[in-house]
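Visitor: Give me the fold of what follows.
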Amino acid sequence: MSGDHGGEFTSVDTAAYKSPMLNWSPLSKLFLIISLLVLDVASKNVWMSVFTGVVGLTLFMYGSLLRPPKVLMYLFLYAQLMIIISAILFMIVTPGATVATAKIGITIHFTDAGVNLATLIYARATVALLLLYSFAVSTPVPHLAEALRKIYVPDVFVEMMVLIYRYTFLLMETAESMHLAAECKFGYSNHRRSMGTTAKLAAGVFMRALDTAEKGEVALQCRNYRGEFKSLSTVGRKNKAATALCAVIVIAGAAFFIMLRYGVVL
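Guide: Next up is the predicted model:
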């Protein structure tokens, strides 16, 4: 992911404000995602992951208007690489009857139990990414904060989340500018100089973060900040049909989970 990383991550926020799911109740979306994640993890049948994966992919593509932010796609590919490597390791180390072997200097045995476990782990992890991405491209952070307040998450955690989110982009922009300045001064011309430049860059970003935090605190006090960001209520704009749809999906998922659990289907 070369280029302006701050702009890439800002594109996720921009996509959320343009999403057709923007006016869905954030609490309903949060409940839907958490419920599907719990059902997926609780089930030992890969078909539950298929069900939740289809829902997650549909919501992700619909929420992003079939144009998901590039940064999320890059992160998805990186995550897939790590998931696949982990799944292969589980196939190797899990005991069971050997179903295949591979020779790479040494003989590696793949077991039936290992293949089943690896498949389940891969499906669960991929589904979790799709569900979380569908929430990310349709729910701006202020809406998430609104939902967290409704479920009585302590205000201090909600406000810290909002502040960290807002200032992260400033720090990323600062780091990009410092990195560009170092490149213009040949700070990465060789390995030794690159190590020194990276250390100085890290120290510079840390000091700039402290300075930004101090200035931010003064700015908040000047605006009569009392530990809570006030925002206009958007309850009246929430789509009740979308809330009902979220409830229907959760009920359908729970019913499918029970049927799989007791062997009614598959």
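
Visitor: And the contacts of stretch 116-125?
Guide: Here stretch 116-125 makes contact (CB atoms under 8 Å, 6 or more residues apart in numbering) with 40-41, 44, 46, 49-50, 53, 79, 83-84, 86-88, 90-91, 94. All C-beta spots, glycine's among them, are computed from the backbone N, C-alpha and C.

Visitor: Render the CA-only coordinates of it in PDB, please.
Guide: The C-alpha coordinates for stretch 116-125 follow below in PDB (Å, rounded to 0.1, in the frame of the first residue of the first chain):
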ATOM      1  CA  ASN A 116     -11.400 -30.500   8.800                       C
ATOM      2  CA  LEU A 117     -10.100 -28.200  11.500                       C
ATOM      3  CA  ALA A 118      -8.100 -26.100   9.000                       C
ATOM      4  CA  THR A 119     -11.200 -25.700   6.800                       C
ATOM      5  CA  LEU A 120     -13.300 -24.600   9.700                       C
ATOM      6  CA  ILE A 121     -10.700 -22.100  11.000                       C
ATOM      7  CA  TYR A 122     -10.200 -20.600   7.500                       C
ATOM      8  CA  ALA A 123     -14.000 -20.300   7.000                       C
ATOM      9  CA  ARG A 124     -14.500 -18.700  10.400                       C
ATOM     10  CA  ALA A 125     -11.700 -16.200  10.000                       C
END
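
Visitor: Please renumber the chain so that the first residue is 7 from this point on.
Guide: Yep, numbering from 7; the last one is stretch 122-131 now.

Visitor: buried sites along it?
Guide: By 16 or more other CB atoms under 10 Å, the buried positions in stretch 122-131 come out as 122-124, 126-131.

Visitor: Please state the offset of that stretch from the chain centre?
Guide: 19 Å (CA atoms, centre = their mean, to the nearest Å).

Visitor: Same question for stretch 223-231.
Guide: The gap between the average C-alpha position of stretch 223-231 and the chain average comes to 31 Å, counting by CA atoms, centre = their mean.

Visitor: which stretches of the protein have low pLDDT?
Guide: Along the chain, segments meeting pLDDT under 70 span 7-15, 232-244, 272.

Visitor: where exactly do the strands run in it?
Guide: Counting by DSSP state E, the chain has strands at residues 104-110, 112-117.

Visitor: now residue 115, nearest residue through space, not along the chain?
Guide: residue 104 (4.6 Å; CB to CB, 6 or more residues apart in numbering).

Visitor: close enough to count as contact, the one you found and residue 117?
Guide: Yes. In this structure residue 104 lies within contact range of residue 117 using CB atoms under 8 Å: 5.9 Å.

Visitor: Domain-wise, how is the chain divided?
Guide: With domains defined by automatic domain parsing, the chain comprises 7-157+242-272, 160-237.

Visitor: which one of those domains is the most hemmed in?
Guide: Scoring the domains of the chain by mean neighbour count under mean count of other CB atoms under 10 Å gives domain 7-157+242-272 as the most buried, with a mean of 16.

Visitor: Residue 16 and residue 59, how far apart?
Guide: Using CB to CB, to the nearest Å, residue 16 is found at 28 Å from residue 59.

Visitor: one step back: Provide a list of residues in contact with the residue nearest to residue 115.
Guide: Residue 104 touches 115-117, counting by CB under 8 Å, 6+ apart.

Visitor: Specify which member of these is nearest to residue 27.
Guide: For the contacts of residue 104, the closest approach to residue 27 (CB to CB) belongs to residue 116, at 41.0 Å.
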